[in-house]
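A.B. asks: Whatever this is, show me its structure:
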Amino acid sequence: MSATDPIFDVKNVTLRFGGVTSLNDVSLQQQRGEILCVIGPNGAGKTSLFNCLTGVYRPQEGSITFSPDESHSVSIIGRAPHRVARAGVSRTFQTSRMFNALTTFENVKIGVEARQKTGPIGAMLRLPRTRHEERDSDQRSHELLEFVSLTHRTNTLADSLPYGDRRRLEIARALGTNPKVLLLDEPAAGTNPSEKLALAELILRINSELGISILLIEHDMKLVMSLAQRLVVLNFGGIIAEGTPMEIQENPKVVEAYLGTAEKAEN
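C.D. replies: Numbers count the residues shown, from 1 in each chain. Below is the predicted model:
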């Protein structure tokens, strides 16, 4: 990872909804290969930032540049979410969004097939490329289920999965789009301690073994501090601090944002 190789470059982004400012002049960079965590109290603007990075929201001011590799960059603003995904940005959500009536295998395959090039005519005629892509998507789906330790759930309906397995399934489906950066929106929400530990191990493997940059929103500070190489702290739509986990833990502005006053944190 180069210190001058940003995969995301966000400059002066402001997002308003009527008279409410959700993001106020936000600028940040995520370096390629980095695990970057975005934290902050409820309503700080974290999910709004994710929605801007994935094309769901279009900010009124600023720029967002995504660089899938060192020689190619695209502007996210004005690009539809499916085109952002095709460029190499994938995400999960605060609440699990599975196709509950489909199996785990079918859910992952939907993610894999989002990257395929076969159109409706090719699918109907079962052209050679279509059959080749079908075999590839089946193989890739099985590989991803193995990677997230869900092989034993291959034919289980998503609706009947334990909550921790549903979280891992959502990550597997996101990985199916072959992303360069994976945005995880509170992946540990609702999980128990053992599920959190397994999730942390999975996130580290995605980063180290697959070489995927990770951008993480999470409220569980123990999990955040175990994963983050660097943190950005939002409050009231603006960045109040950024730095290493140790720097953030000792930052009085961060303590005040979470606990009300620095004095309260000392008592």
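
A.B. asks: Ignoring the adjacent residues along the chain, who's closest to Ile214?
C.D. replies: Excluding the flanking residues, the one nearest Ile214 by CB to CB, 6 or more residues apart in numbering is Ile35, at 4.4 Å. (Glycine included, C-beta is placed from N, CA and C.)

A.B. asks: ok, the one you found - contacts?
C.D. replies: 203-204, 207, 213-214, 216, 227-230 (CB atoms under 8 Å, 6 or more residues apart in numbering).

A.B. asks: Give me the phi and psi for it.
C.D. replies: The phi and psi values for Ile35, taken as degrees, to the nearest 10, are phi -100, psi 110.

A.B. asks: measure it to Val13 for me?
C.D. replies: Ile35 is 21 Å from Val13, where distance means CB to CB, to the nearest Å.

A.B. asks: Also Phe66?
C.D. replies: Computed as CB to CB, the Phe66 to Val13 distance reads 13 Å.

A.B. asks: circling back: if burial is judged by neighbour count, which of the contacts of Ile35 pass?
C.D. replies: Buried members of the contacts of Ile35, scored by 16 or more other CB atoms under 10 Å, are 203, 207, 213-214, 216, 227-228, 230.

A.B. asks: Including secondary structure, could those residues go into TSV?
C.D. replies: Putting the buried ones among the contacts of Ile35 into TSV (DSSP: H, G, I helix; E, B strand; the rest coil) gives the following:
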residue	secondary structure
Ile203	helix
Asn207	helix
Ser213	strand
Ile214	strand
Leu216	strand
Leu227	helix
Ala228	coil
Arg230	strand
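
A.B. asks: and which of those is nearest Gly55?
C.D. replies: Taking CB to CB as the measure, Gly55 lies nearest Ser213 of these, at 17.4 Å.

A.B. asks: residues contacting the closest residue to the closest one other than its chain neighbours?
C.D. replies: Beyond its immediate neighbours in the sequence, the residue positioned closest to Ser213 (CB to CB, 6+ apart) is Val181, lying 4.2 Å away. Residues counted as contacts of Val181 (CB under 8 Å, 6+ apart) are 7-8, 30, 66, 88-90, 212-215.

A.B. asks: Specify which member of the contacts of Ile35 is nearest to Thr21.
C.D. replies: Thr21 has its nearest neighbour among the contacts of Ile35 in Leu216, at 24.0 Å by CB to CB.

A.B. asks: Please name the bridge partners of that closest one.
C.D. replies: Following DSSP bridges, Leu216 is listed with bridge partners Cys37, Leu184.

A.B. asks: how about the strands in the protein?
C.D. replies: Along the chain, the stretches classed as strands by DSSP state E are 6-17, 20-31, 35-39, 61-69, 72-75, 89-91, 181-185, 213-217, 230-235, 238-243.

A.B. asks: biggest helix in the protein by residues?
C.D. replies: Counting by DSSP state H, the longest helix found in the chain is helix 128-147.

A.B. asks: Touching stretch 100-113 from outside, list them.
C.D. replies: 98-99, 133, 137-138, 140-142, 144-145, 150, 153-159, 161, 165, 169, 172-177.

A.B. asks: Kindly report the same for stretch 188-202.
C.D. replies: Here stretch 188-202 makes contact (CB under 8 Å, 6+ apart) with 94-95, 148-149, 163-164, 167-168, 171, 187, 218-220, 223, 226-227.
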